[in-house]
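> With the sequence up front, the predicted model follows.
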Amino acid sequence: MKTPKGSKVLWVYDRACIDFTLWYYWKQQHGVYFITRTKEDMLREVIGENPFDKQDLLNQGVEHDQLIQTSQHVMVRMITHADPINGQTYEFITSEMTLAPGLIAYLYLRRWDIEKTYDQFKNKYYEQKAWASNDTAKQMQAQLICLAHNLLQLFNTHLENNHGVYNHAEEARRSKRLDQMKIQAKARGPRLSILVEKGSYRLTQISLKILRWLRAHWFSPLLADRLNAPPRPSLRNIMIPFLGHRC
């Protein structure tokens, strides 16, 4: 709640969002907005329709952009979106009233990246339990995990931009998935959102190959084996100049 005055914060939240009175207060007092999906038993009344450009490639799949009143008598916005890939219909609700409806649906789709990041913390970084029981230690652990993750992302970008090291296998898999999505959407009629079709994505998870390489060579001097060739620098000495000014 310490956002500078004039700024907006947008939470993309799971379906546990039910206290609309509280979200309304946060919007009015702190500029905090939310996007979530409707719960199955959610009571609401449609009180208006928002016009939107159905020809805009950003809004592909959007069926309705409505104003609804919740059981707590708080007005929010509801976007009805039909997934062009599987044909399933989703309802998104938000307190944000200005963004294009297709962008609201897209932002919730990108929320999956956050879930995959948490999965990486547990299954690739092996951070599956707290180091200690008190709150201060838990906060320190969370901050160190995020710091390590961000440094790995920076190092991965450094390898790509300065050494031409890319995860070609994952890029190929992602390209194949996108082609399959286009075929499925075309079979149903509507196109994919332009953000899904043309969006530029960074790989969410760090490659296991890089993680294993780092673990194997972090403390290794990588000396030439019994040859007269000059010794190669350790990985730590390679990374320290790169990371030193960021630490």
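It's in. Here the structure is a predicted model, which is why all the values come from computation and not from measurement. Residues are numbered from 1 along each chain as shown.
> what ranges of this protein fall below the confidence cut-off?
Low-confidence segments of the chain (pLDDT under 70): 1, 190, 199-203, 219-247.
> Next up, the contacts around the most centrally placed residue in it.
Residue closest to the average C-alpha location in the chain (C-alpha atoms, centre = their mean): residue 113, at 3.5 Å. Contacts were defined as C-beta atoms under 8 Å, 6 or more residues apart in numbering; by that measure residue 113 touches residue 204. C-beta here means a position set from N, CA and C on the backbone, and glycine is covered the same way.
> ok, now residue 48?
66-67.
> how many other residues sit next to residue 215?
Per other C-beta atoms under 10 Å, the neighbour tally for residue 215 reads 9.
> and residue 24, how many neighbours?
Residue 24 has 17 nearby residues by other C-beta under 10 Å.
> Repeat that for residue 138.
That count, for residue 138 with other C-beta under 10 Å as the rule, works out to 13.
> For it, which residues are in contact?
Listed by C-beta under 8 Å, 6+ apart, the contact partners of residue 138 are 130-132.
> What of residue 38?
By C-beta under 8 Å, 6+ apart, the contact set of residue 38 is 15, 44, 78, 91-93.
> Turn the residues you listed into JSON lines, columns for neighbour count, distance to residue 22 and secondary structure.
Converted to JSON lines, these look like this (neighbours: other C-beta atoms under 10 Å; distance: C-beta to C-beta, whole Å; DSSP: H, G, I helix; E, B strand; the rest coil):
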{"residue": "15", "neighbour count": "12", "distance to residue 22": "16", "secondary structure": "coil"}
{"residue": "44", "neighbour count": "16", "distance to residue 22": "17", "secondary structure": "strand"}
{"residue": "78", "neighbour count": "21", "distance to residue 22": "19", "secondary structure": "strand"}
{"residue": "91", "neighbour count": "20", "distance to residue 22": "21", "secondary structure": "strand"}
{"residue": "92", "neighbour count": "21", "distance to residue 22": "19", "secondary structure": "strand"}
{"residue": "93", "neighbour count": "25", "distance to residue 22": "14", "secondary structure": "strand"}
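> quick check, nearest of those residues to residue 154?
Nearest to residue 154 among the contacts of residue 38: residue 92, at 32.8 Å, using C-beta to C-beta.
> excluding its backbone neighbours, what's nearest the closest one?
Take residue 92 and drop its neighbours on the chain: the residue closest to it by C-beta to C-beta, 6 or more residues apart in numbering is residue 79, 4.4 Å away.
> what about that neighbour, which SS state?
Put simply, residue 79 is strand when judged by DSSP: H, G, I helix; E, B strand; the rest coil.
> hang on, the earlier thing: okay, the contacts of residue 138 in JSON lines with distance to residue 62, neighbour count and secondary structure next?
Shown next, in JSON lines, are those (distance: C-beta to C-beta, whole Å; neighbours: other C-beta atoms under 10 Å; DSSP: H, G, I helix; E, B strand; the rest coil):
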{"residue": "130", "distance to residue 62": "42", "neighbour count": "11", "secondary structure": "coil"}
{"residue": "131", "distance to residue 62": "45", "neighbour count": "10", "secondary structure": "coil"}
{"residue": "132", "distance to residue 62": "47", "neighbour count": "10", "secondary structure": "coil"}
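> of all those, which comes closest to residue 155?
Using C-beta to C-beta, these come closest to residue 155 at residue 131, 23.7 Å.
> ok, now which ones touch that closest one?
Here residue 131 is in contact with 137-138, 141 (C-beta under 8 Å, 6+ apart).
> And for residue 78?
Applying C-beta under 8 Å, 6+ apart, one finds that residue 78 lies in contact with 38, 44, 46, 64-68, 91-93.
> Okay, and the beta partners of it?
Legend: beta-bridge partners of residue 78 under DSSP bridges are residue 66, residue 93.
> That one and residue 72: what is the separation?
The gap separating residue 78 from residue 72 is 15 Å, by C-beta to C-beta, to the nearest Å.
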